[in-house]
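Asks: Sequence and computational prediction follow.
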Amino acid sequence: MTLTNHDTDRPAAEASLPALRITDAWKSFGHVAALRGVSLTVRGGEVLALVGDNGAGKSTLVKVLSGVYPVDSGEIAVAGVPLEKADPRLARARGISTVFQDLAVVETLDIAANVFLGQPLRRFGILADRKKMIAQSAEILRSLKVRVPSVRVAAGELSGGQRQGVAIARAVRQDTPIILMDEPTAALGVRETAQVGEIIRSLREQGKAVILVCHDLEFIFAHADRIQVLRLGQVQGVRDVSATTRSEIVSLITGATARDEDLEATN
């Protein structure tokens with residue numbers, strides 16, 4: 001896959017750096033080790049899928065990357081620059097937006113207000129600029145190919161897929177190069193799942209680095225570039241979608257196939 005540098009002013013060396021990298025991350029809750037030496041790399045214009053059974057560490061890893069949880073040890077770097085501390089606002093400011101499984105869409109507010117939730121545009125630093133928020137919300141949703149009757153419609157009137165689109169639009173509006181998506185197709189129908197797939201394609205075309213937590217292997221094989229398998233808090237293996245099969249991924253998830261490091265140690 002060819003990666004595109006959309007910022008011609010950056011030095012080539014910087015442009016070649018991963019958008020996001022986590023190295024040897026450990027995270028425990030009491031005596032339970034949720035992450036055990038996890039490393040991950042994703043580049044701009046790439047979709048990396050995280051898969052694994054319940055308790056594999058996927059959601060913990062997303063919360064670590066988004067600044068919700070601090071790591072006990074390890075390093076997180078955005079474009080080669082380490083994140084100094086766990087702080088969602090710092091992670092956002094450094095280029096990481098997260099769409100959590102619980103979408104936090106306010107049903108009584110319209111779409112435009114939800115897209116700008118917590119960060120409204122203002123005139124004169126005081127008054128909410130509804131006109132600009134409506135125009136920008138409509139443009140973002142068009143760019144993501146999310147179809148809604150109007151951005152003035154209350155979020156409570158939307159389908160599950162449309163709500164997911166609004167939540168993603170909120171992340172995209174922040175114009176961050178990295179988007180984390182935690183189970184974006186959970187509880188969606190076939191048509192709505194396809195709509196989320198179109199959004200992910202659009203993000204890739206825009207050069208975004210997308211980390212996708214998903215249990216739907218059919219969806220993953222249709223939309224991801226690489227798959228990283230977690231099991232019991234460890235990386236079981238990383239595979240290019242074009243060079244693996246569903247059966248191999250399932251075997252890695254269940255532990256029927258040994259971890260890559262274990263295989264290397266026996267050779």
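Replies: Noted; the coordinates are in hand. Residues are numbered from 1 along each chain as shown.

Asks: List the contacts of the residue most central in space within the chain.
Replies: Among the residues of the chain, the one closest to the centroid is residue 180, at 1.5 Å (Cα atoms, centre = their mean). Contacts for residue 180 (Cβ atoms under 8 Å, 6 or more residues apart in numbering) come out as 62, 65-66, 96-99, 211, 213. (Each C-beta comes from the backbone N, C-alpha and C, glycine too.)

Asks: Lowest-scoring secondary structure element of the protein by mean pLDDT?
Replies: Lowest by mean pLDDT, DSSP states H and E among the helices and strands of the chain is helix 12-15, with a mean of 46.

Asks: which one is the residue nearest to the centre of the chain nearest to, not counting chain neighbours?
Replies: Using Cβ to Cβ, 6 or more residues apart in numbering and skipping residues adjacent in sequence, the residue nearest residue 180 is residue 98, 4.3 Å away.

Asks: And that neighbour, how far from residue 235?
Replies: Note on residue 98: its distance to residue 235, by Cβ to Cβ, to the nearest Å, is 21 Å.

Asks: got it, and residue 257?
Replies: 13 Å.

Asks: What about the residue nearest to the centre of the chain? Give its phi and psi, please.
Replies: Note on residue 180: backbone dihedrals following degrees, to the nearest 10 are phi -100, psi 130.

Asks: Roughly how far does it sit from residue 139?
Replies: According to Cβ to Cβ, residue 180 stands 23 Å off from residue 139.

Asks: How about residue 95?
Replies: To residue 139, residue 95 is 21 Å away according to Cβ to Cβ.

Asks: all strands of the stretch 151-267 of the chain, in order?
Replies: Applying DSSP state E, counting those that start in this stretch to the stretch 151-267 of the chain gives strands spanning 178-182, 209-213, 226-231, 234-240.

Asks: May I see the ones you listed organised as JSON lines, with mean pLDDT and distance to residue 172 added?
Replies: Output for the strands of the stretch 151-267 of the chain, formatted as JSON lines (pLDDT from 0 to 100; distance: least, Cβ to Cβ, whole Å):
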{"stretch": "strand 178-182", "mean pLDDT": "93", "distance to residue 172": "7"}
{"stretch": "strand 209-213", "mean pLDDT": "96", "distance to residue 172": "11"}
{"stretch": "strand 226-231", "mean pLDDT": "97", "distance to residue 172": "22"}
{"stretch": "strand 234-240", "mean pLDDT": "97", "distance to residue 172": "26"}
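
Asks: which stretches of the stretch 101-250 of the chain have low pLDDT?
Replies: For the stretch 101-250 of the chain, the stretches flagged by pLDDT under 70 are 101-104.

Asks: ok, residues contacting stretch 26-36?
Replies: 25, 37-38, 57, 60-61, 64, 69, 71-74, 232-234.

Asks: I'd like to know which of those residues is nearest to residue 250.
Replies: residue 232 (15.9 Å; Cβ to Cβ).

Asks: Quick one, which of the strands of the stretch 151-267 of the chain gets closest to residue 107.
Replies: Among the strands of the stretch 151-267 of the chain, strand 178-182 sits nearest to residue 107 (Cβ to Cβ), with 20.2 Å.

Asks: tell me how far the closest one is from the chain's mean position?
Replies: Using Cα atoms, centre = their mean, to the nearest Å, the mean C-alpha position of strand 178-182 is found 1 Å from that of the whole chain.

Asks: what's the angle between it and strand 209-213?
Replies: Orientation of strand 178-182 against strand 209-213 (axes from the mean of the first three to the mean of the last three Cα atoms, to 10 degrees) gives an angle of 10 degrees.

Asks: Can you give the strand pairings for strand 178-182, parallel or anti for each?
Replies: Here strand 178-182 has these sheet partners by DSSP bridges: strand 96-99 (parallel), strand 209-213 (parallel).
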